[in-house]
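S.K.: sequence and predicted structure, then a few things I'm wondering about:
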Amino acid sequence: MTPAYKAALIEYLYMLADDELLLGHRASEWTGIGPILEADIALSSIAQDEMGHAEVLYGLLEALGEGHPDELAFARDLPYWRNAIFSELPRGDWGFTIVRHYLHDVAEQVRWQALAASSYAPLAQVARKLLVEEKYHLVHSQTWVRKLGNATEESHRRMQAALDRAFPYALGLFEPTELEAVRVSEGIAPAEADLQQQWLNEVVPFLQQAGLHVPAEETAEGWRPTVEPVYGGRQGTHTEYMEQLLDAMQFVYRLEPGAKW
């Protein structure tokens, strides 16, 4: 493994793991206050899955010399996080949560399918495992999008408002970085633009069928967004929401670092 390969791989694993952990944390904020008991239990289970996936990915980073998963999750300061800003946005209402999870679930499906052929064997193995588990997350979010998009006037309004807010941030899941060229040339991962195109080709028709207007237009090459993506998170630039999230998420660990609970 060359230094360039390792650096590109480490950056990518942080991107993946940080998204998983933060989405899991945001989902966990619904525990006990979901709109119905079944939804409460389902989202709590999804939150646990996402955090477990993050732990697996941080474990790959530990094997590359980056530190213990607990330290990576609870001891890193704000500038060192590589999640998309999309993942750190506040919980919002149920409509926003469902739209965010759907957009993220499809992005994960596209990404894990591609990473199953990664040149880094441990990542390819993880991708094949997580692809199976994430399938159920996608079914859950799809079901809710269909249900709420075409239900009442209020549910449609809330879902459309959620999509209008979420979509530019969701494009940030595919934010390119300087080390992307190395990942592509070395076969670690495909280009973010290619993944985004696959994602658009799936999410736009589905959301339209759910009665929602998507800020995208169809071209000969496929769907193209008509809004600017919100970038910055992959470069370590975050919002005030991320500061608040880390304060809450890391509080107990930082009281007694290294303690055994």
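M.R.: Okay, I see it.
S.K.: the spatially most central residue of the chain: helix or strand, and which one exactly?
M.R.: With distances taken as Cα atoms, centre = their mean, the residue of the chain nearest its centroid is Asp19 (4.3 Å). Assigned by DSSP states H and E, Asp19 belongs to helix 3-28.
S.K.: which pLDDT value goes with the residue nearest to the centre of the chain?
M.R.: We have a pLDDT of 97 for Asp19.
S.K.: contacting residues for it?
M.R.: Applying Cβ atoms under 8 Å, 6 or more residues apart in numbering to Asp19 gives the contacts 83-84, 87, 104, 173. C-beta here means a position set from N, CA and C on the backbone, and glycine is covered the same way.
S.K.: mind checking which of those are buried?
M.R.: By neighbour count, with 16 or more other Cβ atoms under 10 Å, these hold 83-84, 87, 104, 173 as buried.
S.K.: taking those together, which two end up most distant?
M.R.: The largest separation in those, counting by Cβ to Cβ, is between Asn83 and His104 at 11.1 Å.
S.K.: out of the buried ones among the contacts of Asp19, which are inside strands?
M.R.: Counting by DSSP state E, no part of these is found in strands.
S.K.: let me have these in TSV, extended by pLDDT and distance to Glu243.
M.R.: Below are those laid out as TSV (pLDDT from 0 to 100; distance: Cβ to Cβ, whole Å):
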residue	pLDDT	distance to Glu243
Asn83	97	13
Ala84	97	16
Ser87	96	14
His104	97	21
Leu173	98	21
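S.K.: which single one of the residues you listed is nearest to Val110?
M.R.: Once Cβ to Cβ is applied, the member of these that ends up nearest Val110 is Leu173, at 9.9 Å.
S.K.: following the one helix or strand Gln142 maps to, which helix or strand comes up?
M.R.: Assigned by DSSP H and E, Gln142 falls within helix 121-149. Remark: after helix 121-149, the chain's next helix or strand is helix 153-171, criterion DSSP H and E.
S.K.: mind listing what's buried in the helix or strand following that following helix?
M.R.: Once helix 153-171 ends, the next helix or strand along the chain (criterion: DSSP H and E) is helix 180-185. Judged by neighbour count (16+ other Cβ under 10 Å), helix 180-185 contains these buried residues: 180, 182-183.
S.K.: perfect, that will be all.
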